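*Asks:* 3D, please:
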Amino acid sequence: MQPTVSSVSEVRKFNRFYTNVLGLLKQKVYDSPLSLTEIRILFEIKSKSNCTAKVLQEELGLDRGYVSRILKRFEEQNMIYKQKWEKDGRTCFIHLTETGEKIYQNLDNESNQKIEFLLRNIDINNQQKLIKAMKTIEMILSEPLDQKESIISIREGNTAEDKELIIETQRAFYADNHGFDETFLDYLHETFDAKIEKIWIAEDNGEFAGCVGLVEENEKTAILRWFIVESSMRGKGVGTQLVQTLLDYCKKQQYERVLLWTVSNMTTARRLYRKFGFKITETKEEQLLWGQRLVEERWDLELL
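*Replies:* Residues are numbered from 1 along each chain as shown. Here you go, the predicted model:
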């Protein structure tokens, strides 16, 4: 439904009003040499136990180089320090130093003062009305943003950065959701030493949504590997598009068979494999694998 000219005008009027309110509060209360973006980054580091530069980029929608420059400046000012993850030395967690903690606490206190200044001459009944109205604005404006149309595209992943992204995504997913230990990371690096035929990456409006890879076992058989779909993208057909892209390629290259290895508790992926006609051809006895008791399964799909 097309918004009316009156609606657009009223929203712009409110935006101007609230911008003026924020400007007034900053003049009266909020006095910091940091920019609003730098303050937000500081807050994110404080609030997240395993904060990384990548997390900051994704959470705040910021350019990697911009985030890197801010973090470098924070380090120079002794506000943060970086700690390498013992399971993967390429991942660095970011923490506040004692100096950074003091700066954060001062900013937090000033934020509270800012809100107290805003509310101090408003009686309790009108405060409740204001809060209710704010919640209504948040709810109504969040709906169209949450319903943003997904534009899924699939591209070939052929850079070193793509491979690092796939490895880290796989490691984080299986560690968080299935308790896999650090030996799984070693396994991932080992599999990337194989003869990689292709890697496909699905993106939603340019953001990583999933991936799948293909390794040649021999001239007749290909192996499907590294299949994963981001949790927020499940149920949107991303996995189907990825697997279909891989199978279309295999048929074009005249492979006779595609196989994959998985474990029995991957219920969602197993349903998708069945949908495409894969069948279990081998099951190994339960064994201790990646810190868990797992049953490995081989699935095959005959293409000819």
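
*Asks:* hey, C-alpha coordinates of the helix or strand hosting residue 73 in CSV?
*Replies:* Here residue 73 sits within helix 64-76, counting by DSSP states H and E. The C-alpha trace of helix 64-76 is given here as CSV (Å, rounded to 0.1, in the frame of the first residue of the first chain):
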residue,chain,number,x,y,z
ARG,A,64,35.9,-4.1,7.7
GLY,A,65,38.5,-1.5,7.1
TYR,A,66,36.6,1.1,9.2
VAL,A,67,36.3,-1.3,12.1
SER,A,68,40.0,-2.3,11.8
ARG,A,69,41.0,1.4,12.1
ILE,A,70,38.9,2.0,15.1
LEU,A,71,40.2,-1.1,16.9
LYS,A,72,43.7,-0.1,16.1
ARG,A,73,43.1,3.3,17.6
PHE,A,74,41.5,1.7,20.7
GLU,A,75,44.6,-0.5,21.1
GLU,A,76,46.9,2.5,20.8
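
*Asks:* Show residues contacting the helix or strand following that helix.
*Replies:* Where DSSP H and E defines the elements, the next helix or strand beyond helix 64-76 is strand 80-85. With Cβ atoms under 8 Å, 6 or more residues apart in numbering as the contact definition, strand 80-85 has outside contacts at 45, 71, 74, 75, 91, 92, 93, 94, 95, 96, 97, 100. For the C-beta atoms, the positions are set from N, CA and C on the backbone; glycine is no exception.

*Asks:* Ok, stretch 92-99 next?
*Replies:* With Cβ under 8 Å, 6+ apart as the criterion, stretch 92-99 contacts 42, 45-46, 50-53, 56, 71, 77-85, 104.

*Asks:* now it: how far from the chain's centre is it?
*Replies:* Centroid displacement of stretch 92-99 relative to its chain, using Cα atoms, centre = their mean, to the nearest Å, is 22 Å.

*Asks:* Show the average pLDDT along that stretch.
*Replies:* The average pLDDT within stretch 92-99 is 90.

*Asks:* What residues of stretch 155-174 count as buried?
*Replies:* Applying a neighbour-count criterion of 16 or more other Cβ atoms under 10 Å, one finds 157, 162, 163, 165, 166, 167, 168, 169, 170, 171, 174 buried in stretch 155-174.

*Asks:* I meant to write stretch 103-111 there.
*Replies:* Across stretch 103-111, burial judged by 16+ other Cβ under 10 Å covers 103, 104, 107, 110.

*Asks:* what about the stretch 51-200 of the chain, any weak spots by pLDDT?
*Replies:* 87-89, 142-150 (pLDDT under 70).

*Asks:* Strands of that one, residue ranges please.
*Replies:* Using DSSP state E, counting those that start in this stretch, the strands found in the stretch 51-200 of the chain span residues 80-85, 88-96, 152-156, 196-204.
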